[in-house]
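Sequence and predicted structure, then a few things I'm wondering about:
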Amino acid sequence: MDTNCIISSEGFQTFEHPDDIPASWDDIAGGNIFLLRESLSVLHNTNPCQQKYHFNQLDKIIFVTYRLRINIFAFSERLNLNKTVTVVGVPLSVANKDYACKPENLDLLSRRLNSLGRLCIVLNGEEDLMLIKGYTLSEYVMDIRWNSMSDYIDALRSHYRYRVLKSLRKFELLQVEELKSNHDFSDELYAYYLEVFNKSQHKLEKLTIEFFRTYPSKIFVIYDNNHSIGFIQLKKQGDELVFMFCGFDHHKNLSRDLYFNLLLFIVRMGIDSQCKTIRFGQTTEESKAKIGAVERRKLLYIASNSKALRFLGRMMINA
């Protein structure tokens with residue numbers, strides 16, 4: 001038996017490292033690229049947060065947990081309570097659901113999550129778990145219905161079209177280049193990521209520079225007179241384009257309308273890549289709505305082996 005694996009009475013194996021997980025894990029993960037072993041291995045090495053990998057091969061259930069000190073209620077817009085908790089998810093601030101399970105086994109998964117300890121938080125869930133739930137930050141998604149960027153602009157309502165064209169004119173003198181190798185991700189670009197992270201109202205884990213240098217993704221750098229002023233990181237997931245992270249010089253944001261132009265660049269990339277959907281992630285709702293992305297509600301779940309904590313959680317965040 002693998003000494004790095006613990007087997008529970010319910011048939012769940014718990015692994016300490018993604019390299020020890022059986023290959024059949026990826027079959028259950030399916031199209032969720034952030035749950036694949038390759039992705040988990042990079043995160044395990046570049047963003048260690050006491051991750052554990054839970055696998056029930058017979059019932060085809062997988063999920064990841066990690067430990068993090070967070071404001072538990074920041075994502076339900078209620079109270080302020082900072083505590084180190086077990087989070088069901090990967091330590092990567094994307095809006096994907098971080099568990100996979102057949103519908104008929106969701107009750108088993110819910111019982112397993114309740115058994116993990118005093119307090120367990122499931123972020124970005126869907127309407128499927130039998131746990132205490134409340135709404136968390138919404139995701140913003142765009143279905144692509146255009147053959148070109150000009151078609152997209154023409155389809156906008158007049159006041160949004162005016163806003164987009166005005167913004168694009170500020171971007172005309174800038175240059176965008178894809179990094180030939182993510183290993184070239186510089187200290188300056190990382191500093192731009194930290195600028196965005198430190199200004200965020202909803203912080204989770206802070207990623208290391210090694211994450212950007214090693215995670216399989218596309219990174220585009222924005223230059224002004226041959227000097228980098230920002231970047232954007234994208235990942236293709238089947239016929240979806242996922243906006244992961246960005247960073248930029250906030251002093252240039254107003255004059256170049258940088259963040260809004262980064263969003264428009266993602267739209268262009270999605271159209272040019274013939275994707276069906278763009279997932280813009282959470283936060284900055286107003287800007288994403290202005291470019292035509294629509295809200296998709298996400299859920300936060302609380303699991304606990306304590307009846308008292310489950311009662312308090314139900315009173316505080318019940319949707």
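Cool, the structure landed.

in what helix or strand does Phe63 lie?
According to DSSP states H and E, Phe63 maps onto strand 61-71.

next one: His159
Applying DSSP H and E, one finds His159 within helix 158-171.

Pull that helix out as CSV, backbone CA atoms only.
Output in CSV follows, covering the C-alpha atoms of helix 158-171 (Å, rounded to 0.1, in the frame of the first residue of the first chain):
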residue,chain,number,x,y,z
SER,A,158,-24.9,52.5,-28.7
HIS,A,159,-23.7,53.7,-25.3
TYR,A,160,-21.6,50.6,-24.7
ARG,A,161,-20.2,50.8,-28.3
TYR,A,162,-19.1,54.4,-27.6
ARG,A,163,-17.4,53.3,-24.4
VAL,A,164,-15.6,50.4,-26.1
LEU,A,165,-14.4,52.5,-29.1
LYS,A,166,-13.2,55.3,-26.8
SER,A,167,-11.2,52.8,-24.8
LEU,A,168,-9.7,51.0,-27.8
ARG,A,169,-8.4,54.4,-29.1
LYS,A,170,-6.3,54.7,-25.9
PHE,A,171,-4.8,51.2,-26.6
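
Next secondary structure after that helix?
As assigned by DSSP H and E, the chain's next helix or strand after helix 158-171 is strand 175-178.

list the buried ones in that following strand?
Val176 (16 or more other C-beta atoms under 10 Å). Every residue, glycine included, has its C-beta placed from N, CA and C.

Equivalent analysis for stretch 154-169, please.
For stretch 154-169, by 16+ other C-beta under 10 Å, it's Leu156, Arg163, Val164, Ser167, Leu168.

Please identify which of these is nearest to Gln50.
Nearest to Gln50 among the buried residues of stretch 154-169, counting by C-beta to C-beta, is Ser167 at 42.1 Å.

Quick check: phi and psi at the closest residue in space to the closest one that isn't next to it in sequence.
Once flanking residues are discounted, Ser167 sits nearest to Asp257: 4.5 Å by C-beta to C-beta, 6 or more residues apart in numbering. Phi and psi for Asp257, reported as degrees, to the nearest 10, are phi 50, psi 50.

Show me how far the helix holding His159 is from its chain's centre.
Its chain's C-alpha centre and that of helix 158-171 lie 28 Å apart, by C-alpha atoms, centre = their mean, to the nearest Å.

who are the neighbours in contact with His250?
Glu195, Lys199 (C-beta atoms under 8 Å, 6 or more residues apart in numbering).

one step back: can I assume the residue nearest to Ser167 is in contact with Leu165?
No - taking contacts as C-beta atoms under 8 Å, Asp257 lies outside contact range of Leu165: 11.3 Å.

Tell me the helix or strand right after the one helix or strand Ile278 maps to.
Per DSSP H and E, Ile278 falls inside strand 277-279. Where DSSP H and E defines the elements, the next helix or strand beyond strand 277-279 is helix 285-290.

ok, then the element right after that next one?
Counting by DSSP H and E, the next helix or strand C-terminal to helix 285-290 is strand 294-296.

pLDDT of that following strand, averaged?
For strand 294-296, mean pLDDT rounds to 95.

partner strands of it, parallel or antiparallel?
strand 139-143 (antiparallel) (DSSP bridges).

Could I get the buried residue list for the strand it pairs with?
Of the residues in strand 139-143, Glu139, Tyr140, Val141, Met142 count as buried by neighbour count, 16+ other C-beta under 10 Å.

Could you do stretch 196-209 as well?
By 16+ other C-beta under 10 Å, the buried positions in stretch 196-209 come out as Phe197, Leu204, Glu205, Leu207, Ile209.

now the helices for the stretch 201-319 of the chain?
Listed from the start of the chain, the stretch 201-319 of the chain has helices (DSSP state H, counting those that start in this stretch) covering 209-214, 250-256, 258-272, 285-290, 307-317.

whoops, I mixed them up, the stretch 1-150 of the chain
Using DSSP H, counting those that start in this stretch, helices in the stretch 1-150 of the chain cover 24-29, 37-46, 106-114, 149-155.

Identify the residues contacting the residue nearest the centre of the chain.
The centroid of the chain falls nearest to Val94 when counting by C-alpha atoms, centre = their mean (0.1 Å). Contacts for Val94 (C-beta under 8 Å, 6+ apart) come out as Phe34, Val242, Met244, Gly281.

How far does stretch 234-246 sit from its chain's centre?
In terms of C-alpha atoms, centre = their mean, the centre of stretch 234-246 is found 10 Å from the chain centre.

And for that stretch, what's in contact with it?
By C-beta under 8 Å, 6+ apart, the list of residues contacting stretch 234-246 reads 31-33, 92-94, 193, 196, 207, 212, 216-220, 230-233, 259, 262, 266, 269-270, 273-281.
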